[in-house]
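Asker: Next one to model:
(2 chains)
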Amino acid sequence: MADMKIGAYICQGCGIGDRVDTAQLASVAKREGKAAVAREHEFLCNAEGVKMIQDDIANEGVNHVVIAACSRRAKTEAFSFDGVCISRANLREGVIWVRPDTDEARETTQEMADDYVRMACAETKYQKMPEASGEQGLTRHLLVVGGGISGMTAALEAAKTGYKVDLVEKTGQLGGVAGEMYKKYPDKAPYNVLADNTTGAMVEAVNANGNITVHLNTSVTKTDGAPGRFTVSLATESGASKDVTVGAIIQATGFTPYDMSKLPELGGGKSPDVMDQLAFEKMVKANGGAIKKADGSEAKNVVFVQCAGQRSEQPGHLPYCSGHCCMTSIKQARYVKEAGGDATVIFDDLRTPGADGEDVYRGGQEAGVTFSKGKVSAVEAAGKGLKVNYNDRILAEDTSIDADIVVLATGMVPNSGPNPYVKLDLEMAEKDGNAELVEKLKAEVEKAPPSILNLMYRQGTDVPHLKHGFTDSHFICFPYETRRTGIYTAGPVRRPMDAHQAIEDATGATLKAIQACENAAIGRAAHPRSGDLSFPSFRKEGCTQCKRCTVECPFGAINEDDKGYPQYNEARCRRCGTCMGACPVRVISFENYSVETVGQQLKAVDMPDEFSEKPRLLVLACENDAYPALDMAGMTRQEYSAYARIIPVRCLGSVNTIWITDALNSGYDGVMLMGCQKGDNYQCHFVKGSEIAHIRMSKIDDTLTQLNLEKERVQTYEVSIADIQRIPQIINDMEKLIGEIGMSPFKF
Amino acid sequence: MSEVIATNQTILVVGGGISGLTAALEAAECGKQVILLEKSPSVGGRVSQLHKYFPKLCVPSCGLEIQYRRLKANKNVRLLTMAEVTQISGEAGNFTVSVKVAPRYVNENCTACGECEKAVSAEFDDEFNYGLKKRKGAYLVSNMAYPQRFVIDPRIAATDDGAKAKAACKYGAVDLEMAEQNLSLNVGAVVWATGWKPYDAARIQPYGYDRYDNVITNVEFERMLDPFGPTGGKIVRPSDGKTPQNIAFIQCAGSRDQNHLKHCSRICCMATLKQTTYVKEQLGDACKSTVYYIDIRAIDRIDDFHRKVKEDTNVTFVKSKVANITAGSDGNVLLNGVDTEGYNRYRNEHDLVVLATGMESTVPAGVFPAGININEHNFIELDGDSGIYGAGCSSDALDVNRAAQNATAAALRAIQVVTRVAGQEG
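Answerer: Take a look at the predicted model:
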C-alpha cells in the first residue's frame, strides 16, 4: 500500500461554522493530526463537497479521510468512499448540539471540537483497509440434519435455490413426526376443515430431487471448519463413513413428546387408554380413522387434557407452552366426532392464535366438540373406563367426566445436543477450585444428551441452548441470531411450534444458511456487523497462550492449536472484538479497529493541567445503543458536559483494560463504559459482550488502588438506545462527582 | 426517478416496517438486487412507535438501529420512501409494477439541521403519535427517522409557511416544485409487507371509544410511554391529565369477533401483559391493572412472562368479554359484563380503559394480478410459485419474531424466482 496520506475535511454547515473556529480545526488537523490536506467546506455533504473529497482521493493520493462534520450515523451514504479509511469527528450531534450557544461556553465547545478532530486523525492513522484472509471459498452446498418436515423443507428450498444438500436422518425413514399424522390442517384457508397428510408426497419429492442426497440411519460424527468450508463426517449404523464438504448447516432435529409417565396423577403410564397426542394420532392412523381402545373396542368418549405437565413450575414439568397442543387436540377431537363419538377438551387458556387458529377453534365448535375451562386434578380407572376429575372453572365446582380414552396434551421437548456452556462452565469451575459447582455441573454433563453435530470447536460440540433447552435464537428482532455462525436451527428444536410454522421457520433458516455461504465466499461478516470485511488477527510472538480469547469468544470462532495458540476462523467470527478486549498482552487486532485505533484517540485528547478546572471524562460507548442515544440527545438538544470525550466501540466486550489504564495514566478524571443490558434478558447483540465487560471492570479496582485513585472514577453502566435523557444525566453526574472528589493528579 | 434501475432479476419489497426491512436486507445480503418501497416518509413501521418489546422489555429502536446500519451499508438495496404501489401486472419472473411517489418537497441535500421546522408555524396532527400530539408542517418523523430527512407537509407547500421553510434552508433542500411521480418498475418477484393497522376502535360501539375520553387503544397507550411523546412519557388520563389509579385492559377488542375481525391478532395478550409492567414500573402500588380476557395467549417460551405478571398483586385477571362500557362520574367509566369463572355479573368502575385492539391487515384490493390468493382475513396466502409473497402481517397476524422469521422465508421464495430468471437468461 502507498504511504498514508490523511485528508481532513471540515464542514461549516448546520451551524458548525458559526459555533466553532473551523480554521483552527483545520490547523489542528494539519499540525497535530498530521493531515497532508485539510479543507473547510460550507456544506460538505452536498455533491460539491463530496466531489472535493473524491478529487483529493483521485488526484492527491489521499487514502485516509477524516470527516469532521455530523455523526457517523448521519450522511453515511454521502461520506462513503471506496478503498480508503474513513474516520468521523462528530462536531454536530456530539459538540454544538449538546452545548449551549453562549459566550461562556464558546471556549469549551471549541476545545471539544479540537479534540474530536485530533481523535479522528489519530484513529485513522492506525487504521488499515481490511484485506482478504485467503480463507474464502464458495461452497453452494448445505448439510441438513433431521429428516422431518423442517429438515425436508430446508432441503427442498435449498435445492430450489440451486444449492446441493446432504440430508442426514438418524432413523431409517424420512417424515418425522409429521409423517405419523392421520390428518393435518390445510395450508390455506378455509382452515376449519381437515386435510390429508401430504408428508408422503414431500418424502417422494426429496427422494426424487437430484440436488438432494439422503443419508438414512446416519449421524454426524465430526464437524470441522467454518462457514464456506465445513468438513462433516457422516457415519451409518452399519459403520460405513463418508466425508462431505458443506458451506453451512441447518439443524432440524425436532422434538420428543414429554414423557407422560412423569404424570402418574393424570394416569400417565398407568393405563394403556391414557395416551399422549402422538400416540393417539398413530392409533387413529393405524385404524383408518376408527377410535379404538387398547383392547380393540370402540371408544365413545374421549377427553383431552390440555397443558398436561406444561406451563407449570412444578419440578419435572415443562415451564413453557408448546403452542401447538390446543390446535392438535381440536383436530383430534374432530377425529372422534367424525367417528361418531363425544369429545371434550378441558383447557386453561385455549390458545389458537392467528388467522388459522381462530378458524380451527370455530371449526371444532361447529363440529360439536365440547370445550370446558377447567383444571384436571386426576385421571383414574373407573370400571372398564376412566374418570377425569377436574375443577370446572365456569361453574366453579369440582366435578368429573367419564372417558374411554384420555389424551394428555403433553409438551414438546427439544432434541438439542448438549449445551456446550455447561462443559465450559465446568472447566472454569475446576480451574477456580469451586468443588460444589464442579459437582453440580458434572452431574449436568452426565445427564446431557449425545452430541448432534460433534463440532470440533474449542467452545463445545453443539449449538448453545438459549432457554428451556431450546437452541439458540434471539427472541425478537433477529430470529436467526445464532451464536454459531453458519449453523442455524429450525423447527421445534428452536422453539415449540406446529408443522405449518416449522415449514416457515425452515425456509427462513435456509435463506440464512445460503447467506452464510455467500458471505463466507467474500469474507464478509454476518449480522449484526453485516458486510464488515475486517477480521481479527494476532501477533504470535507476543501471545502467552492464556486462552482468554478462545474462552470468551461468544461465537465459538476461535480454536486452539496444540500449543494453545489461538486459531481464528474468519467466517465464524462476528467482529465484535471480545477477543481483543480479553487479550492481556494486546496482540489481537482488526485492521480497522484495534487497541491502537482507540488507544491513540484517547491519548490524542488535549489534557488541561490539574489546576485548570477542566476535567476530562472518557466515555466508551456501545456503537449500537449508547452512541445513537447520545446522537439523539444532540438532536433533541439535551446538554451534557463539555468535558466528555466519547469514543464509540463495537461492543463493550471489545474494551481492553489497557484503555482504562492508559486513560487514567494520561490524566483523565473519570472513565465511563456504556453498554447494553446483561444477564438473562441480555440486550447485547454480541450476547456476552456487556456482561464480560462488567466482569473485567470489576477487577479494575486493583489498578485504581495502585494508582491511588478513587474507585468511583471508573464506572460501567447498562444503558439502552432509548436513554436519550438519561445518558446525558449520567455524564453530568460524573462531572459533578469529579468536582467533589477532585481532579486526577496524573496530568502531565 | 429515471435512475431507478430494476430488471426482472430485481426483488421488490413493499413496506418498510420490520418485515419489509428484514426481507429486503436478507435478500440483499444474499447478493440480490432489491428495491424497498415505503409509503410514509420514514422506514421502521409500527414497531418504531412501540415503547418496548415483549418478552425482554427491550427497546425496538435497538434492533432498528442495526437494520438501518445494514441498509446504509448495502448498495444492493434501493430505498424509495413516500412510494405506494397502485398496480401489479404480469407473472412470476416478469412483473410490471406501477408506483406512485408522493412529493416530500425536500431533496437529498437535507442535512436534518431543523431550520425549516423552526421557520414554519402551522401545526398538524402527528401521525407518528396517532394524532395525540401536534407537529409542525416541516418535520422529521421521529428521532430515529430513516432516511434522516425532513418532510414538508403538502398542506403547507403552497402557503407562506412553505415559502418560509424554503427561505430558512441554507442548503437548497426545500423544493416546493416537487410533484407526484408515477413510476413503472419491471421486477422478477414481489414481497408484500405492508403490515397492519390498529382496528378502528370506534367501530366497537359498546366500548364507546368515540364517546369516552378515557377509553384509549393499546397503540395510543404505547405512545404515552415515550418521553418525546404526547404526555412526555407519563401515564395519564386523557380527560384531565390525572394519573390513573385503576386501569382496565380489554382483550380481543375487535378480534375473535364475527362482527369485527374474525381472527385472533396473536400479539394483544402479550402486549397487554407488557403494558401492565409499564404501569407497575411507573406507578408502582398506586395503580391497579385489571385484564378482561377470553384466553390469555402467551404462546411458547414466553409463557413465563404471563406467570410473572400473574404474581403481581396489582394485576387482576377477569375471564370475561366485557359487554359494554357506560359513563361513570369524574370521567370514570363502568365496565359491565359477566365473569365467566363462576358466572358473576359485575359493574366495575375504572378511571382509564385500554382497548387491546386487533391487527387489521392492510393488503389492498385491486392491486394484484389474478391468481394471487387473498383469504377472507385479508392475508396473502402462500401459493407455490406465484412470485408475489406475503411477509409478516400481510401473511398472518404475527408478533415481531414470527414476522421477521416469516419475512426471511418470503425473501428466499423471492430469491428462488429471480435465480430461476437469471438461470434462464444465462
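
Asker: what mean pLDDT would you report for stretch A:367-383?
Answerer: What stretch A:367-383 shows for mean pLDDT is 97.

Asker: Please list the outside residues in contact with it.
Answerer: A:265-267, A:270-271, A:274, A:305, A:308, A:330, A:333-334, A:336-338, A:342-348, A:350, A:364-365, A:386-394, A:398, A:402-403, A:406, B:319, B:340-341 (Cβ atoms under 8 Å, 6 or more residues apart in numbering or on different chains). Heads up, the C-betas are built off the backbone N, CA and C, glycines and all.

Asker: out of those residues, which are inside helices?
Answerer: A:330, A:333-334, A:336-338, A:364-365 (DSSP state H).

Asker: Just the buried residues out of these, in ChimeraX syntax.
Answerer: In ChimeraX syntax, the buried subset of those is picked out as below (16 or more other Cβ atoms under 10 Å in any protein chain shown):
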select /A:330,333,334,336,337,364
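
Asker: For the ones in helices among the contacts of stretch A:367-383, give me a markdown table that also has distance to chain B.
Answerer: Shown next, in a markdown table, are the ones in helices among the contacts of stretch A:367-383 (distance: Cβ to the nearest Cβ, whole Å):
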| residue | distance to chain B |
| --- | --- |
| A:330 | 13 |
| A:333 | 17 |
| A:334 | 19 |
| A:336 | 22 |
| A:337 | 22 |
| A:338 | 24 |
| A:364 | 14 |
| A:365 | 12 |
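
Asker: Under the pLDDT cut-off, which ranges of chain A? List them.
Answerer: Within chain A, the segments meeting pLDDT under 70 span A:1-2.

Asker: hmm, try it at 50
Answerer: Scanning chain A for pLDDT under 50 picks out the ranges A:1.

Asker: now swap in chain B and tell me
Answerer: Looking at chain B by pLDDT under 50, you get B:1-2.

Asker: on that earlier part again, going through the contacts of stretch A:367-383, which ones are buried?
Answerer: Judged by 16+ other Cβ under 10 Å, buried ones among the contacts of stretch A:367-383: A:266-267, A:270-271, A:274, A:305, A:308, A:330, A:333-334, A:336-337, A:342-348, A:350, A:364, A:386-390, A:392-393, A:403, A:406, B:319, B:340-341.

Asker: related to what we said a few turns ago, from the ones in helices among the contacts of stretch A:367-383, which single one is nearest residue A:603?
Answerer: If you rank those by distance to residue A:603 using Cβ to Cβ, residue A:330 comes first, at 67.6 Å.

Asker: Check whether the closest one really touches residue A:363, as I assumed.
Answerer: Yes. Residue A:330 is within contact range of residue A:363, at 7.3 Å (criterion: Cβ atoms under 8 Å).

Asker: For the stretch 151-300 of chain B, which residues are neighbours of chain A?
Answerer: B:170-171, B:227-228, B:256, B:262-264, B:266, B:295-300 (Cβ under 8 Å from any Cβ of the partner chain).

Asker: ok, which stretches of the stretch 151-300 of chain B are helices?
Answerer: Here the stretch 151-300 of chain B has its helices, by DSSP state H, counting those that start in this stretch, at B:154-157, B:160-168, B:218-224, B:268-283.

Asker: Which parts of the stretch 1-150 of chain A are strands?
Answerer: A:6-11, A:37-41, A:64-69, A:85-90, A:141-145 (DSSP state E, counting those that start in this stretch).

Asker: just the CA coordinates of the first one, formatted as CSV?
Answerer: So the one you mean is strand A:6-11. Extracted C-alpha coordinates of strand A:6-11, given in CSV (Å, rounded to 0.1, in the frame of the first residue of the first chain):
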residue,chain,number,x,y,z
ILE,A,6,-4.5,11.9,5.6
GLY,A,7,-7.1,14.4,4.2
ALA,A,8,-9.2,16.2,6.8
TYR,A,9,-12.5,17.8,5.7
ILE,A,10,-14.2,20.2,8.0
CYS,A,11,-17.8,21.1,7.5
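
Asker: now for that strand, which elements pack on it?
Answerer: Judged by 3 or more Cβ pairs under 8 Å, 6 or more residues apart in numbering or on different chains; DSSP states H and E, the packing partners of strand A:6-11 are helix A:22-31, strand A:37-41, helix A:47-59, strand A:64-69, helix A:103-125.

Asker: Pick the most deeply packed of those.
Answerer: strand A:64-69 (a mean of 28; mean count of other Cβ atoms under 10 Å in any protein chain shown).

Asker: Which residues does that one contact?
Answerer: By Cβ under 8 Å, 6+ apart, the list of residues contacting strand A:64-69 from outside reads A:4-11, A:13, A:16, A:25, A:29, A:33, A:35, A:44-45, A:53, A:57, A:75, A:79, A:81, A:84-89, A:91-92, A:113, A:116-117, A:120-121, A:124-125, A:127.

Asker: in stretch A:177-195, what's buried?
Answerer: Result for stretch A:177-195 [16+ other Cβ under 10 Å]: buried residues A:177-179, A:181-186, A:189, A:191-192, A:194.

Asker: nope, stretch A:691-702 is what I was after
Answerer: A:691-694, A:696-697, A:700.

Asker: okay, now the domains of the chain?
Answerer: No chain in the question, so chain A it is. A:1-129, A:141-254+A:452-522, A:258-414 (automatic domain parsing).

Asker: hm, I was asking about chain B
Answerer: Annotated domains of chain B cover B:10-102+B:180-195+B:362-425, B:115-168, B:199-359 [automatic domain parsing].

Asker: Lovely, talk soon.
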